[in-house]
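Engineer: pasting the sequence and the predicted coordinates here, then a few questions.
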Amino acid sequence: MIPRTIAREGEVIVFIDQTLLPGRLETVRCTDVERLATAIRRLEVRGAPALGIAGAYGVALAAMQSEAGEMEGFLAGIADAAEYLRATRPTAVNLGWGIDRVLAAAGAAETVENAKEAAVAEADRIAAEDEATCRAIGRHGAALIPDGARVLTHCNAGALACSTWGTALGVVRSAVEAGKKVSVTACETRPLLQGARLTAFELAEDKIPVRVITDSTAAFLMRKGEIDCVVVGADRITRDAVFNKIGTYMHAVCAKHHGIPFYVAAPLSTFDPVLSEAEVEIEERGEEEIAIFNGKRTVREGVRCTTYAFDATPLDLVTGIITEQGVLRPPFDPMPGPRNI
Ligand SMILES: CSC[C@@H](O)[C@@H](O)C(=O)COP(=O)(O)O
C-alpha cells in the first residue's frame, strides 16, 4: 500500500505529488496556503475526498500561521485563505465541504488560541474520518461485486484520490480482501491519464490484476462481454446527476445499452442534493492539456479545444450509489447529503 496521499506533520502538510506518478513516488512538504492552492490547481493533489482534506488542511495552515490577536481579524484572515482555496477547483463539492467544516470549527471558538486548535483538530478529524468512510464504502460495495468480476473503472477513485483505500477502488480492495477474485480494466482517462498513471499504479502496487485501455475501447469490451460491472467515483452528486471525470457519462450510456450494472461509490460528503445538474459549474481546463501530448503539439495552433474536466451522468443510468451508510437504489429519492442530513 502506498503512503497516505495527504497528511499533517506539525505545521507542514505532506502530500504525494501525483503529477510525477507512476515514474516517481515523491512527497511535497508544503508550508503555505499559496503552495497548497497551486498543488490543487496542478492536480498534484486531486480526487474529491483528497481535495476535501487538502481544503481543510489549507484553512488549518492559515489558522496556525495567523498573527492576528483578535478574533475578528483572525476569522477574516482564514476566511480569505478559504476563498482563495475554494476558487482553485469548482466542481468537486468536497473541497468546499472540508473548508467549511474547518471554518465552522474555528468560528465556534471564543479565543484565537482556541480557534487555532479547533481548526487543526477539525482538519485532522476530516483526514482521519476519510479512511473509515472509504472502508465502509468498500464493505458495502464488495457485496455487489461477484467473485471473478471484471470491473471497469474510469479516472482514479482510489487511495490516491482519498487519504487511503479509495472509493471505487476501495470497493475493489474490499472485495479482494473478502477473498473474491477481481480484475480491473482501467480507462486511461484522457487527457491527464489518471487511469493509466494512477489507478494502474496503485492496483499494481497492491498486486490486484489490472489492465489499461484507451477510453474509446470500453464500449467494445462491453460488447465482447469482457466487463461485468462499472464502478466509478464522483465529484458531486446533485439531485439529478452524478458528476465525475469527463468520459464517465459515455461509460454509463454504454453500460445501460449492454445491461451492465453501473455503480457510483462516493461518501455522503460528495452529495449536494440542493443543486440540480444545470446549476453546477463544470471546470474547464487549459487547452494545452488536449493540444499538447508528451511535450508535442498535436492540434494545429489556433484550433479551439474544449476541455471539460467533468461530465454529468443522469441518475436513470445509475444502478446504485455506494455510500458509507449503504447502497442507494433508484429512484434515489430523497437524496441524502451533507446539506440535508
Ligand atoms: C474518489 S475520487 C472521485 C473523483 O474525484 C474522481 O473520479 C475524479 O474524477 C477526479 O478528477 P481529478 O480531475 O483527477 O481531480
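Structural biologist: Noted; the coordinates are in hand.
Engineer: OK, contacts around residue 166?
Structural biologist: 134, 138, 157, 158, 159, 160, 172, 173, 202, 233 (C-beta atoms under 8 Å, 6 or more residues apart in numbering). Placement of C-beta: from N, CA and C, glycine included.
Engineer: dihedrals phi and psi, the nearest residue to residue 17 once chain neighbours are set aside?
Structural biologist: Nearest in space to residue 17, with sequence neighbours left out and distances taken as C-beta to C-beta, 6 or more residues apart in numbering, is residue 44 at 4.6 Å. The phi/psi pair for residue 44 (degrees, to the nearest 10) reads phi -70, psi -40.
Engineer: now residue 44: how far from residue 283?
Structural biologist: The gap separating residue 44 from residue 283 is 16 Å, by C-beta to C-beta, to the nearest Å.
Engineer: what does residue 224 give?
Structural biologist: Distance of residue 224 to residue 283, given as C-beta to C-beta: 33 Å.
Engineer: looking at these two, which has the bigger crowd around it?
Structural biologist: residue 283 (17 against 9; other C-beta atoms under 10 Å).
Engineer: pLDDT on stretch 28-36, on average?
Structural biologist: If you average the pLDDT over stretch 28-36, you get 97.
Engineer: so residue 274 sits in a strand?
Structural biologist: No: if the criterion is DSSP: H, G, I helix; E, B strand; the rest coil, then residue 274 is coil and not within a strand.
Engineer: just checking, it touches residue 337?
Structural biologist: Yes: using C-beta atoms under 8 Å, residue 274 is in contact with residue 337, at 7.5 Å.
Engineer: the two - which one has more neighbours?
Structural biologist: residue 337 (19 against 13).
Engineer: angles on the backbone of the residue nearest to that one when sequence neighbours are not counted, please.
Structural biologist: Closest residue in space to residue 337, ignoring its immediate chain neighbours: residue 271 at 3.2 Å, by C-beta to C-beta, 6+ apart. When read as degrees, to the nearest 10, the backbone of residue 271 gives phi -80, psi 140.
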